[in-house]
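Chemist: okay, sequence plus prediction incoming.
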Amino acid sequence: MKILAVDYGDSRTGLAICDAGEIIASPLETVVMRDFDKCAERVAEIAREKKAEMLIVGDPMNMNGTRGERSEKCRMFADKLREILGVEVHMWDERSTTVTAIGYMNEMNVRGKKRKAVLDQAAAAVILESYLNFRRNQK
């Protein structure tokens, strides 16, 4: 199943997608848009283009497991995508994904403007990889 992961942000939203066999999570695109509704429409358009059958939206929970304002914004974004697309949209714990993505970029020596351009995509790929590992372990 093709799954699209979303790392929603107020100005930059990272996207990643996996292959139909759910083997590899690949960074896809960063949507640079501040308007909530327009961003949701653009993400939905990309999901349709890529024939995504499910979406995973990162849930930035607090480190103690509680949900804050950011988490609520992401939940609203997931609800909007569900409404637009009519497909399964799940929330997935994204704690520390950006830190992990930065670690990967450090290992590959990606810095400066280039890092900023792909950081959100990389974080979305980390979210998706985590979700795919969960699915594999549930089978």
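Modeler: It's in. Numbering: from 1, shown residues only.

Chemist: strands of the protein, residue ranges please.
Modeler: 3-7, 12-18, 25-32, 54-59, 88-93 (DSSP state E).

Chemist: list the buried residues for the longest one?
Modeler: Judged by neighbour count (16 or more other C-beta atoms under 10 Å), strand 25-32 contains these buried residues: 25, 27-31. Just so you know, the C-beta spots here come from the backbone N, C-alpha and C atoms, and that holds for glycine as well.

Chemist: ok, residue 7 to residue 93 distance?
Modeler: Using C-beta to C-beta, to the nearest Å, one obtains 12 Å as the distance from residue 7 to residue 93.

Chemist: and of the buried residues of strand 25-32, the nearest to residue 131?
Modeler: Nearest to residue 131, judged by C-beta to C-beta, of these is residue 25 at 8.3 Å.

Chemist: of all the strands of the chain, which one is nearest residue 119?
Modeler: Nearest of those (C-beta to C-beta): strand 12-18, 7.2 Å.
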